[in-house]
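*Asks:* sequence first, predicted coordinates after that:
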Amino acid sequence: MRLILDTDIGNAIAGANTDDGLALALILSSKEIKLEMLSTVCGNVPSLVAYSVAKDLFKRLNLNIPVYLGANEALKEPSKAWRQRLDESVKNFKLEYLWENIKSPEILENINPDAIFKMGELVSKNPKEISICAIGPLTNIAMTMKIFKDFDINLKELFIMGGSFDMPYYTKDTNFGFDPEAASIVLNSRAKITLVPYNATMQTLLTHEDLKELQGKNILCDFIVETLGVWIDYASKTRGTKGTWIHDALTIAYALDSSIADFDECYADVICDSSLARGMSWRCFKEPKMSMGVDLSTKNCVKILKNVDNAKLLKLIKEKFLKGVCYENYESITT
């Protein structure tokens, strides 16, 4: 699989979720996937921070995979409230000390934000050959769809971590909530989409016991143990869990092994009005039992994951990580 990863990776940044890094590590350790490029988007962390994290990791791993800076604002959604929650929660909880022994990457400056054009060009030149895994807000993907003609149908497949269904305590996830308009544009496109929502990803769990099996095995495992260990401690103190949900890693793992989860075929969208429901996900089964007064033949039907086998997921992750980076995939890079 030739893949673009679109991410808001924040590993080693105090208070930032680390499952993007886990997903990236799973890609790099999988012979079945060649990462053609990585694009960053604002979400879990600002886009430039994500860019700096990715560049730092590739330098540590001696990889020359192209990294491109993407959007730093949503299409319409004001970012102030989101940035306060995402950037300041660690301070509000007084848990910055958890990251005292973690070296944060240098935040780079004066980077040209060309991710959207690089993404569009790569897919346009290689129709039906490139898949995208989007594990942050969908701002970059939506903008590329608007700029590049037939970008959606030229994609081989689009895997998206986003959305939340049947969860009254988690009515919207960060990825769709951060940019509802972008999510709606993408879900209403013609792309072949697999959606990995919160209600599926929250059936996953990675614990300190799992990390112990990876400790000291190789440089990729060391990165995972270092950055996810502190996040598990943070999650246990703020959420009362004994481990961490691995939302983004599930998205990659399903692309590798579809037996990890089952799915429903649905029509899906995101609410974009100004009500309290803004940013919430909506779905309707492919064959509804009554007419909704909407011509569903014009809608894109997507796969939405529902039941997850966490034991099989963890087994796959550990088997891949213990082999380390699949360097043979990166002897030459197509850009």
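*Replies:* Arrived safely. Numbering: from 1, shown residues only.
*Asks:* so what's the residue minimising distance to the centre of the chain up against?
*Replies:* Central residue of the chain (C-alpha atoms, centre = their mean): Ile135, 1.4 Å from the mean position. Residues in contact with Ile135 (C-beta atoms under 8 Å, 6 or more residues apart in numbering) are Leu5, Asp6, Thr7, Asp8, Asp19, Asp20, Ala23, Met161, Asn175, His247, Asp248, Thr251. Every residue, glycine included, has its C-beta placed from N, CA and C.
*Asks:* and Ile219, by the same measure?
*Replies:* By C-beta under 8 Å, 6+ apart, the neighbours of Ile219 are Arg60, Leu61, Gly324, Val325.
*Asks:* let's see 10 Å
*Replies:* Arg60, Leu61, Asn62, Gly324, Val325 (C-beta atoms under 10 Å, 6 or more residues apart in numbering).
*Asks:* next: Leu38.
*Replies:* Contacts for Leu38 were tallied using C-beta under 10 Å, 6+ apart; they are 3-7, 9, 24, 27, 50-51, 54-55, 57-58, 65-68, 70, 115.
*Asks:* which helix or strand in the chain has the lowest average pLDDT?
*Replies:* Within the chain, no helix or strand scores below strand 281-285, which has a mean of 90 by mean pLDDT, DSSP states H and E.
*Asks:* now do it: which elements does it pack against?
*Replies:* The elements that strand 281-285 packs onto, with contact taken as 3 or more C-beta pairs under 10 Å, 6 or more residues apart in numbering; DSSP states H and E, are helix 180-187, strand 261-270, strand 301-308.
*Asks:* hmm, back to that, what's the helix or strand for the closest residue to the residue nearest to the centre of the chain other than its chain neighbours?
*Replies:* Using C-beta to C-beta, 6 or more residues apart in numbering and skipping the chain neighbours, the partner closest in space to Ile135 is Asp248 (4.0 Å). Element membership of Asp248, judged by DSSP states H and E, is helix 247-256.
*Asks:* chain center to that helix, what's the gap?
*Replies:* Counting by C-alpha atoms, centre = their mean, to the nearest Å, helix 247-256 is centred 9 Å from the centre of its parent chain.
*Asks:* cool, and stretch 127-142?
*Replies:* Centroid separation for stretch 127-142 versus its chain: 10 Å, with C-alpha atoms, centre = their mean.
*Asks:* state the pLDDT value of the residue nearest to Ile135.
*Replies:* At Asp248, the predicted lDDT confidence score is 97.
*Asks:* so what's it up against?
*Replies:* Applying C-beta under 10 Å, 6+ apart, we find Asp248 in contact with 5, 7-9, 17-24, 26, 44, 133-136, 159, 161, 175, 196, 201.
*Asks:* Leu108 now?
*Replies:* Going by C-beta under 10 Å, 6+ apart, Leu108 touches Leu48, Val49, Tyr51, Ser52, Lys55, Asp56, Leu69.
*Asks:* any idea how far Gly279 is from Ile246?
*Replies:* For Ile246, the distance to Gly279 equals 23 Å [C-beta to C-beta, to the nearest Å].
*Asks:* these two: which is more packed in?
*Replies:* Legend: neighbour count by other C-beta atoms under 10 Å for Ile246 and Gly279, higher for Ile246 (26 against 22).
*Asks:* let me see the contact set for that one.
*Replies:* By C-beta under 10 Å, 6+ apart, the residues touching Ile246 are 18-19, 22-23, 26, 201-202, 204-206, 210, 228, 252-253, 310, 313-314, 317.
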